[in-house]
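> the amino acid sequence is not available; the structure is as follows:
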Ligand SMILES: Nc1ncnc2c1ncn2[C@@H]1O[C@H](COP(=O)(O)OP(=O)(O)OP(=O)(O)O)[C@@H](O)[C@H]1O
């Protein structure tokens, strides 16, 4: 981990939301132990399945919601107590609905730039994100991907030190996605602390320096991508994940020293520095249990696999 002070430091975050009608109008605890630390000059990804608590975590991080427990420090301050001084140092990329619909992109960006002491150059940002092509179209008429680019520009125009991106590549075509990825990498090298949420493992694997995985309101795993995807600890890079399907409930146990785990009924996995000897032992285990497996797949472990291993759930 880097030695710089974290730009975002969340410890033991607890948040209750509600009241929920289906639960006799009781409050529901949606966060119960989220830890997250992000540093300047790094991309920190927050991953988790639907409903894990990513949006709620970001809302607490940005000071939009008051935590019921734990601590949040954004650039060293409590974001819920801090005023405009802190807000001007933080960029937030709003989801589509957050942009004013009747305005055209360039006047909007100039207006936002006018609210900051040292804004970025609007023309440069517009050219960089290809916004020129639809500069005179009202936002409500833009495609999802075009709106995404305007939202990113609006988050950046104030020249923030910390940038929050919620699903930054949602709706982008491959070309716009590369433009946005390049920009994110450049901003990172300029020293911005970037915190992003995504469902796309590929995005996280390509962009993130450090990953926090949350599930059911708590941080369940964190590390660099190589750390998380190495089954036997920080990275040899040779680890593989082998998965196969067979009838549920077969007690395969260990083969050549590696445990076969039934991650969901009928789906088995074996992870580690696999060699042909493991494959031989596995074939013997299949024969011993009269199993003819299907959907055999072997590849380097991905973040998706890691999450499936620990929770039995898909990330999406
Ligand atoms: N106002 C609310 N009242 C009650 N429950 C809520 C409220 N807002 C969110 N929740 C619940 O809190 C949990 C966390 O929601 P959150 O939006 O933070 O998850 P998420 O990880 O961002 O999900 P997604 O990936 O689907 O956007 C979910 O179970 C959601 O249903």
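Alright, I've got the coordinates. Just so it is clear, the structure is predicted and the values come from calculations on it, not from any experiment. Numbering: from 1, shown residues only.
> residues near the nearest residue to residue 252 once chain neighbours are set aside, how many?
Take residue 252 and drop its neighbours on the chain: the residue closest to it by Cβ to Cβ, 6 or more residues apart in numbering is residue 260, 3.8 Å away. (C-beta placed from N, C-alpha, C; glycine too.) When neighbours are counted by other Cβ atoms under 10 Å, residue 260 registers 20.
> just checking, residue 260 touches residue 272?
No. In this structure residue 260 lies outside contact range of residue 272 using Cβ atoms under 8 Å: 11.0 Å.
> helices of the stretch 201-316 of the chain, start to end?
Taking DSSP state H, counting those that start in this stretch, the helices of the stretch 201-316 of the chain run over residues 201-207, 225-229, 276-288, 303-311.
> now the second one: buried residues?
By neighbour count on 16 or more other Cβ atoms under 10 Å, the buried set for helix 225-229 is 225, 228, 229.
> swap in the third one?
Within helix 276-288, the residues that count as buried by 16+ other Cβ under 10 Å are 278, 279, 281, 282, 285, 286.
> residues contacting residue 71?
9, 10, 11, 12, 13, 78 (Cβ atoms under 8 Å, 6 or more residues apart in numbering).
> quick check, the third one in a strand?
Same thing as residue 11. Yes. Residue 11 sits within a strand when classified using DSSP: H, G, I helix; E, B strand; the rest coil.
> any chance you could map the strands in the stretch 51-200 of the chain?
With DSSP state E, counting those that start in this stretch, the ranges of strands along the stretch 51-200 of the chain come out as 69-74, 90-93, 162-166, 193-198.
> residues contacting the residue nearest to residue 36 when sequence neighbours are not counted?
Nearest residue to residue 36, sequence neighbours excluded (Cβ to Cβ, 6+ apart): residue 10, at 4.3 Å. By Cβ under 8 Å, 6+ apart, residue 10 lies in contact with 34, 35, 36, 37, 57, 60, 61, 70, 71, 72, 73.
> show me what residue 10 bridges to in the sheet.
residue 36, residue 72 (DSSP bridges).
> tell me the pLDDT of it.
We have a pLDDT of 97 for residue 10.
> before we move on, the earlier item: for the helices of the stretch 201-316 of the chain, give me TSV that also has mean pLDDT.
Listed next are these as TSV, based on pLDDT from 0 to 100:
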stretch	mean pLDDT
helix 201-207	84
helix 225-229	78
helix 276-288	95
helix 303-311	73
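> and the gap between residue 302 and residue 224?
Separation of residue 302 from residue 224 (Cβ to Cβ, to the nearest Å) stands at 14 Å.
> tell me which of the two has more neighbours.
Each of residue 302 and residue 224 has its neighbours counted (other Cβ under 10 Å); residue 302 has more, 18 against 15.
> quick one, what contacts the nearest residue to the more buried one once chain neighbours are set aside?
Nearest residue to residue 302 in three dimensions, chain neighbours excluded: residue 201, at 5.8 Å (Cβ to Cβ, 6+ apart). Contact analysis of residue 201 by Cβ under 8 Å, 6+ apart lists 47, 302, 303, 304, 315.
> lowest average confidence, helix or strand, in this structure?
helix 303-311 (a mean of 73; mean pLDDT, DSSP states H and E).
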